[in-house]
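K.L.:
A predicted structure for the sequence below; I have some questions about it.
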Amino acid sequence: MRSDVVRVVYRKYDGTAHRDYPARRLAEDDLGTWLGVTLGTRSVYHGRPSVEQIPFVLLVPHEAWWSAMFNPPPRTSEVYCDIASPARWDGDTVHLFDLDLDVVRRRGTGLVELRDEDEFAEHRVRFGYPEELVAEAEAAARWLYGALGDGTEPFATAYRKWLALVV
């Protein structure tokens, strides 16, 4: 039987810790698994203990090279997508490799930004990203850049019902 609690573990490509936190399983649909993280959730960020200051919903797609965080105000990023390896589930733990690139939509202005291209270029060399991984990561970033700006779901309104459950 599946638990209502999921452990979310992001690592960098070289295996170093990136993010690690518990989340509540909200639903699973054709888009993926929706997870809720409440205010005050204890987490680990870059290997250091942390506490979530703003709740959010995480969508872990079934077979995509990204994950998406949907944030309420006052966070300035309405949607924050990490380019990541496709999720690997091990029981109630989901594992992802963060691949540096992020695609963000700003609250209010709707401005979509591609971030951390410099980190991606640096880690591509340092960690020896295979060309296939580079191609998948870049394709995911391009797709998300368009999808966050053109009303593609789940980035338009589909996430709001899940976000309402954690705010």
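P.N.:
In hand now; what should we look at?
K.L.:
using the three-state scheme, assign residue 21.
P.N.:
The three-state label given to residue 21 by DSSP: H, G, I helix; E, B strand; the rest coil is strand.
K.L.:
correct me, but it touches residue 43?
P.N.:
Yes. Using CB atoms under 8 Å, residue 21 and residue 43 qualify as a contacting pair, with a distance of 3.5 Å. (Glycine included, C-beta is placed from N, CA and C.)
K.L.:
out of these two, which sits in the more crowded spot?
P.N.:
More crowded of residue 21 and residue 43, by other CB atoms under 10 Å: residue 21, with 20 against 16.
K.L.:
how near is the more buried one to residue 58?
P.N.:
When distances are taken as CB to CB, to the nearest Å, residue 21 and residue 58 turn out to be 9 Å apart.
K.L.:
give the intersection of the neighbour lists for residue 21 and residue 43.
P.N.:
With contacts defined as CB atoms under 8 Å, 6 or more residues apart in numbering, the residues shared by residue 21 and residue 43 are 37, 52.
K.L.:
helices and strands around the lengthiest helix in the chain, which ones?
P.N.:
Taking DSSP state H as the assignment, the helix of the chain that covers the most residues is helix 131-150. Using 3 or more CB pairs under 8 Å, 6 or more residues apart in numbering; DSSP states H and E as the contact criterion, the elements in contact with helix 131-150 are strand 77-84, strand 93-106, strand 112-115.
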